[in-house]
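K.L.:
Pasting a predicted model and its sequence here:
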Amino acid sequence: MSTIYLGVDCGSVSTKCVLLDGQGRQIGGIYLPTTGRPALQVLELMKQVENRYGSIIGDAQIVACTTGSGRFLSQKILNAEYAVDEITCQAEGIKNLFPDESTLSIIEIGGEDSKFIQLHNGILFDYNMNPVCAAGTGTFLENLAELLGVSIKDEFSERAFAAEYAVDLGDICTLISQSILASASARGLPLNEQLASLAYSSAQNYLSKTVDKRPMDGRVIFAGATAKNHGLAASLAAICDKTVYVPPQPDLTGALGSALMAKQFNELGYESNYTFNNLSAVSHFENEKKPCKAECKHEHNCMLNVISFSDGKKFIYGDRCGRYSSIEKKQEGSDLPDYAARRSEVFHQAAGESGEEGPTVGIARNGLYFEYYPFWAAFFRNIGCRVVLSDNSTPETLHKGKIMLDSEMCYPMKVIIGHYQDLKEKEPDYIFLPEVVNMEEVPWAPQWPRSFVCPLLQTLRGTVVNSIDLDREQVLYAQLNYKDGYNRIKEQMEPVARKILGENYTEELLEQAVSAAYKAQEDFTNRLVAEAETMLEELKNNAERAAVAFLSRGYTLYDQLISKKSIYYARQSGLMAVPHEYFTVYLKAWYTGKINSPYLDPYREEFMKYLDEQVESMDNIYPAQLQKILSAVILINFLNLKTKETGLPQVNMIFLDPFKCGPNAMLRHFLSGITSYLRLTLDEHTAPAGMITRLEAFRN
């Protein structure tokens, strides 16, 4: 029996497919708009495949692979054998169309996101996806064209080419583009020139935000449905000063790559998740909506879509809990160590249980909680208090924070304010509001000054109290300078103890509480050092697995809402995912003589020289958490140089970067000078689908 390979690309704006015969020759392809109903459009696509190509396919076996943001949904509906991220598929599709090119730079602008992909000698060498801003994407351009009364398909390009000049509108933000164009029109800018300017500025936006200083090496290919906009293609070529090639069917290159992946995986004998349904069965279906009657603790009240196929099988989606659809990718990495969970376990073990009696003190489960909760929990327990924590972050936490804040702040700060509102609603006797000014120094870099934390956390009290109208008498305030040591912290915690204990306050009780707090914090560090030693042994024993270190502040990395469950999805994608903190505490324990290291001891002199040189190359690193991140990267880089001698795998870097974080601009500058890394930009609009795509492509 012959084999047909089917690639399905299910995106947010369009759904398309390509069919290949057993030799990899293209039989045909189909493009449909997604129209907000991806599941039904995938099935509509199969109906058209049967109508157009059914006679060619005959009784051939179909092996299918899905890609795009809806790849797991479409995989489950079709019982497709494989699902592969769109970056890898786009690269495979273009490589197939340009087989003689050793180096390719691929511009891919989709409906809702954009990508830049580089191939060297047929291998995915580098890639990037657009950050939060969606300016320049297909939907963005189509919406603005519609606003101007112009058809995006042909008229846009024709009018843009007819313009006598274009003006630079800058790096256009989606939210202000309409007002910029309206202002330009009011000043007399003709329609043709407006369209030419829009194409030019969209190209500039893509190059500055998505390409981001990467060189346009080799042949430059423009793929995706937006490549049919020749005005945009010409603008890209003009700005890059390069010839930009557009494939004959640029909207199908991702689907082509998906079909090629189906062929590769099938011929290599890769285990498949499913077996493709009979084409006739998936082409004949009925769809009806039914209210979910299952008992639901979340009270979602979902309206289910029930698809019934002609062979009697059913597929149900629309259930927010996944009870029926179960469209999340299976956990490939469920057998891998969960280092974030291990860290959480020793963190809470060191913090200990809350007291059973006494006044209640609310602590926000966010911000520097992820560094100092063992310290704070032990302190309050030892002066006779019960600790009440805010709940884990949820979308409702974020919503509360956004409502309460009077000014626009970064994503983590919105979540922090939501946590304090949550505490207020729990009505504890007190709410602890620490303003941590600085943290302990890293001993190997005394020339790095101050060890400050984020300025917004240094001034947290004013923001919280004024945002959610806390009772001043309820607030336990402390300015904390951990860099200054035990006596300074004791002095700063004294007013907190006096306020709680009143006439029962004694110096002895304060001393006891501060001493217990330092002991708990040290206990956590010691436990984490032991975990770090185990981690390195596990990396060595799993050297064939791809390993990554996640770089970020604790309140970005360990809060699953803010991080978008990035470590979870990394493990799910088969990555050995390690928080950078493991490497920092390991380095400190070794540097201060608390542990021996089989990976550093044999190279002590060489490593100390390397460490000093790296530290000297970076000056004025004043934020404490940035110092720790860079220190972890220095250690990882050295270990990567010694993989042959140590047996450790190469460890790559992933940087979680909250949108609007000023200090991170400094961090990105120094990181780029010492390592390559994948940057994942986070804000409240970041979608898990994009996160998974980036992580899977990074693994591949």
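P.N.:
Noted; the coordinates are in hand.
K.L.:
alpha carbons only for contacts and neighbour counts from here, please
P.N.:
OK.
K.L.:
Quick one: name whatever helix or strand follows the helix or strand bottoming out on mean pLDDT in the chain.
P.N.:
Sorting the helices and strands of the chain by mean pLDDT, DSSP states H and E puts helix 177-186 at the bottom, at a mean of 65. Once the chain leaves helix 177-186, the next helix or strand it forms, by DSSP states H and E, is helix 191-206.
K.L.:
can you pull up the bridge partners for the closest residue to N664 other than its chain neighbours?
P.N.:
Nearest residue to N664, sequence neighbours excluded (C-alpha to C-alpha, 6 or more residues apart in numbering): D657, at 7.1 Å. As for beta bridges, D657 partners with T681 under DSSP bridges.
K.L.:
In the stretch 601-700 of the chain, where is pLDDT below threshold?
P.N.:
659-660, 685-690 (pLDDT under 70).
K.L.:
For stretch 428-445, what is the distance to the chain centroid?
P.N.:
27 Å (C-alpha atoms, centre = their mean, to the nearest Å).
K.L.:
Report the backbone C-alpha coordinates of that stretch in PDB.
P.N.:
Extracted C-alpha coordinates of stretch 428-445, given in PDB (Å, rounded to 0.1, in the frame of the first residue of the first chain):
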ATOM      1  CA  PRO A 428      -5.400  38.900  59.200                       C
ATOM      2  CA  ASP A 429      -4.500  40.900  62.300                       C
ATOM      3  CA  TYR A 430      -1.500  42.300  60.500                       C
ATOM      4  CA  ILE A 431       0.000  42.400  57.000                       C
ATOM      5  CA  PHE A 432       3.700  42.300  56.700                       C
ATOM      6  CA  LEU A 433       5.100  44.800  54.200                       C
ATOM      7  CA  PRO A 434       8.900  44.500  53.800                       C
ATOM      8  CA  GLU A 435      10.800  46.900  51.700                       C
ATOM      9  CA  VAL A 436      14.000  44.900  50.900                       C
ATOM     10  CA  VAL A 437      16.600  47.400  49.900                       C
ATOM     11  CA  ASN A 438      19.600  45.100  49.300                       C
ATOM     12  CA  MET A 439      20.600  41.500  49.500                       C
ATOM     13  CA  GLU A 440      23.700  39.600  50.500                       C
ATOM     14  CA  GLU A 441      26.800  40.200  48.300                       C
ATOM     15  CA  VAL A 442      28.300  37.500  46.100                       C
ATOM     16  CA  PRO A 443      31.700  37.000  47.600                       C
ATOM     17  CA  TRP A 444      33.600  36.600  44.300                       C
ATOM     18  CA  ALA A 445      32.600  40.000  43.000                       C
END
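K.L.:
C292 contacts I316, doesn't it?
P.N.:
No. Using C-alpha atoms under 8 Å as the test, C292 is too far from I316 to be in contact (10.5 Å).
K.L.:
Could you name every residue contacting both of the two?
P.N.:
L304 (C-alpha atoms under 8 Å, 6 or more residues apart in numbering).
K.L.:
Contacts made by the helix or strand harbouring L73 with the rest, please.
P.N.:
L73 is part of helix 71-78 when elements are defined by DSSP H and E. For helix 71-78, the external contacting residues (C-alpha under 8 Å, 6+ apart) are 8-10, 38-39, 42, 65-66, 80-85, 276-277, 282, 315, 327-329.
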